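>>> after the sequence you'll find the predicted model.
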Amino acid sequence: MLEKENQAKLLSLFSEAQNAIIYLKGGSVIHRYDTDFEYPFRQESNFWYLTGITEPDFQLILDLEDKTYLLVIPRRSASYSVWMGYVHSENYYYENFAPDRIIYNDQVESYLKRRKPELVYCLNQGQAESIKSQNLEVNTETLPEALGYCRSIKTEAEISKLTMASKIASEAHILCMESLQPGMFEYEMKSIYDAYNTQHGLVHPPYNGIHAGGANSAILHYVLNSSVIRDGDMYLIDAGSEYEGYASDISRTYPANGKFTPEQAGLYDIALQALDECIAGIRPGVKMEDLHLHACKVILDGLKDFGLLKGNTSDLLENNIFALFFPHGLGHFLGLDTHDVGGYLKGTSKIDRPGLRFLRARRTLEEGMVLTIEPGIYFIPSLLQPAFDDKNKSSFLCIDKIKPFMKFGGIRIEDNILVTGDGHINLTHVPKTRKDIEEVMAR
């Protein structure tokens, strides 16, 4: 059972703990403001990781002294089964989730009084509030760190789920690539993508999804998805799938009319080269910030050759000119969350430098990690206009050649990568060369 394996991995990090417990609350249903409108429930990821339970209002206690797993289940009223769903028996949870013991949520207080642990490890202060009335010593720093480490190294079962998530997302991306026509609304493309996931039983998107035409594609987390995609626009889709809790996250950018113009082709090939070279460099022992800086160098060299930048590449790097066109991090971990935990372990700080400060993971790669690689090139007026007026930065910019691109938008290409013992496996199977994209769009 995957969850038992995950519990054992976590418990191995607490082998020295004495008379202590791990306490974790699962998620609860959230309503929209003060109405009875319920947002679709999705289990809190750490709780899902350790239990496999996808219902709301559950709790977990792992006793570090005898390594027992106590599942706390909600005591449901009769009306719950009328309005909300099935009320399962204790045997159901014993048979399906294999706890050592079950108690109800109204018995937690009496259990803690009897157990009297000297220390309780909690995920955060909000979860600690549930047991503070017991006057117990609470630690909220160690458990997030431990779970981040455990979740960043995937088991074979987790890799299988991530592979399936990427497979279905890849198929949905190809369908969108085949379907796009100038004049469609962004939300029409979103509906095509989301419908494919739903038809395959994937009802929880890992994130909202970005469907951006033209200048909207320069908004990094664009979610309005409400504009018309025009002939001549580039279309950027950043969307994934969630399979049994595990996420994929894939981006592609292509012309709405199915044919790259020379300008679109030139910029696209720079981003693709950055993607391909960074993926080729993935193996255990490589630092993520080094991959990011390599992408920056490829982009700078490409923009110089394209005629938008001037000067020595080392000077461009030193003056952070790359961050004007590539302002976000190169990638992040994937798992039960799209931006999965474990990117920054204890003692690791963010790099205080434009572009790099937004890296979501700063780790040395290890076998079993799954991450995204997503370089991009964007023309963002709020970044470029101040640079035009900056004496130092403007000396590297071919301003007259950049200005015609101020409404171009952006290009992002993103694949999902598994780190193996001797290299990597690309889990993404969506066309990304210009030739292959044009062939798919012509079908």
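Great, that's in hand.
>>> now do the helices in the stretch 51-200 of the chain.
With helices called from DSSP state H, counting those that start in this stretch, the stretch 51-200 of the chain shows them at 78-83, 90-97, 108-115, 125-128, 142-152, 156-179, 186-199.
>>> give me the contacts around the strand or helix carrying Leu324.
Following DSSP states H and E, one finds Leu324 within helix 322-325. The contact list for helix 322-325 (C-beta atoms under 8 Å, 6 or more residues apart in numbering) reads 296-297, 299-300, 303, 316, 353-355, 377-380, 383-384, 387, 393, 397. Backbone N, C-alpha and C define where each C-beta goes, glycine included.
>>> please apply the same query to stretch 191-198.
Where contact means C-beta under 8 Å, 6+ apart, the residues beyond stretch 191-198 that reach it are 168-169, 171-173, 175-176, 179, 203, 205, 209, 211, 237, 239, 241.
>>> which one (most neighbours) among those residues?
His211 (32 neighbours; other C-beta atoms under 10 Å).
>>> show me the beta-bridge partners of that residue.
Ile237 (DSSP bridges).
>>> okay, it: pLDDT?
Note for His211: predicted pLDDT of 98.
>>> kindly report the same for Asp290.
pLDDT at Asp290 comes out at 98.
>>> lowest-confidence helix or strand of the protein?
For the chain, using mean pLDDT, DSSP states H and E, the weakest element among its helices and strands is helix 78-83, scoring a mean of 87.
>>> how is the chain divided into domains?
2-152, 156-441 (automatic domain parsing).
>>> now, of the ones you listed, which is deepest in the fold?
domain 156-441 (a mean of 19; mean count of other C-beta atoms under 10 Å).
>>> can you count the residues close to Met1?
Met1, neighbours per other C-beta under 10 Å, totals 11.
>>> next up, the contacts around it.
Contacts of Met1 (C-beta under 8 Å, 6+ apart): 52, 98.
>>> repeat that for Pro431.
Here Pro431 is in contact with 174, 177, 437, 439-440 (criterion: C-beta under 8 Å, 6+ apart).
>>> then Asp301?
Thr313.
>>> how about it, secondary structure?
Assigned with DSSP: H, G, I helix; E, B strand; the rest coil, Asp301 falls in the helix class.
>>> per-residue pLDDT of it, please?
Reported pLDDT for Asp301: 98.
>>> looks like His31 contacts Phe41 (just checking).
No - counting by C-beta atoms under 8 Å, His31 sits too far from Phe41 to count as a contact (11.0 Å).
>>> doesn't Ala361 make contact with Thr348?
No - counting by C-beta under 8 Å, Ala361 is not a contact partner of Thr348; they are 9.7 Å apart.
>>> could you check the pLDDT of the residue lying closest to Asn216 once chain neighbours are set aside?
Excluding its sequence neighbours, the residue lying closest to Asn216 (C-beta to C-beta, 6 or more residues apart in numbering) is Tyr222, at 5.2 Å. As predicted, Tyr222 sits at a pLDDT of 98.
>>> pLDDT score for the spatially most central residue of the chain?
The residue lying closest to the centre of the chain (C-alpha atoms, centre = their mean) is Thr338, at 2.1 Å. Thr338 is assigned 98 on the pLDDT scale.
>>> might you report the residue contacts of Val286?
Taking C-beta under 8 Å, 6+ apart, one finds 364-365 in contact with Val286.
>>> against Asp422, how distant is it?
For Val286, the distance to Asp422 equals 12 Å [C-beta to C-beta, to the nearest Å].
>>> again with Pro284
From Pro284 across to Asp422, the span is 8 Å (C-beta to C-beta).
>>> next: Met184.
On the measure of C-beta to C-beta, Met184 and Asp422 end up 44 Å apart.
>>> same check, this time on Val108
Distance from Val108 to Asp422, by C-beta to C-beta: 48 Å.
>>> mind checking how far the least confident helix or strand of the chain is from the chain centre?
35 Å (C-alpha atoms, centre = their mean, to the nearest Å).
>>> C-alpha coordinates for that helix, PDB please?
Extracted in PDB, the C-alpha atoms of helix 78-83 (Å, rounded to 0.1, in the frame of the first residue of the first chain):
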ATOM      1  CA  ALA A  78     -27.900  10.900   9.700                       C
ATOM      2  CA  SER A  79     -28.500  14.000   7.600                       C
ATOM      3  CA  TYR A  80     -25.000  13.800   6.200                       C
ATOM      4  CA  SER A  81     -25.900  10.800   4.200                       C
ATOM      5  CA  VAL A  82     -29.000  12.500   2.900                       C
ATOM      6  CA  TRP A  83     -27.300  15.700   1.700                       C
END
